[in-house]
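Enquirer: My questions are about this predicted structure, shown below with the sequence.
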Amino acid sequence: DLTENPLLTLPNGSFLGFTHLQRLAVPPALECPGGSDAWQEVTVDGSSRLCQDQRNPCNGSTELAWPCPENSACAPDGPGLIQCLCDSPFHGYKCLREGTFPVLLFSGVLGTATVSLSLLLWGTQRRKAKTL
C-alpha cells in the first residue's frame, strides 16, 4: 500500500523482480507500474488506485518491443517487465555460447596468474624490506 506516500512518479525499475506481486495500491494520480495492461484489474476509488493480478507479458498477444534472442525464452520480471533467460545448454552474451562455462580452466588460469604475481611481488619487495 503506497497510497499515503507523497510520490509524484514511480522510479523506473522500482518493481524489477517483483514477479509474485498480486495487489498494489498507489495514489490515484499515479499509474500502476508497467501500465494498466500489466494488470488484470485496475480500479480507482477516491483515495487509491488498486492494481490486481499481474499479467504475464510473455503470454500476451501484443508484440514485444525487445524480442528475446535466439536460444532464449521470455520470462516475467515484474509488472510489465520481461527478462530473457538462456535455454539449456546455451549461455553468455545473447545466449550464443553452447555448453557449460569452463570453470576448471578459468580457475586454473586465474590461480596461476595470482600465485605468479604474488611470488614476483614478494621477491622484489622483500629486498626493499631488508634494507629498512
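Expert: Cool, the structure landed. Computed from a prediction, not measured in an experiment: that's the story for all the values here.

Enquirer: Listing request: residues of the chain with sub-threshold pLDDT.
Expert: Residue ranges of the chain with pLDDT under 70: 60-66, 127-132.

Enquirer: does residue 43 sit in a helix, a strand or a coil?
Expert: Classification of residue 43 by DSSP: H, G, I helix; E, B strand; the rest coil places it in strand.

Enquirer: For residue 17, which three-state class applies?
Expert: Classified using three-state DSSP, residue 17 is coil.

Enquirer: can you give me the helices in the protein?
Expert: Using DSSP state H, the helices of the chain run over 103-131.

Enquirer: hey, where'd the strands end up in it?
Expert: 23-26, 39-44, 49-54, 72-76, 82-86, 90-91, 97-98 (DSSP state E).

Enquirer: Give me the residues contacting the first one.
Expert: For strand 23-26, contacts defined as CB atoms under 8 Å, 6 or more residues apart in numbering pick out 1-3, 7, 10, 32-33, 48-52, 79. Placement of C-beta: from N, CA and C, glycine included.
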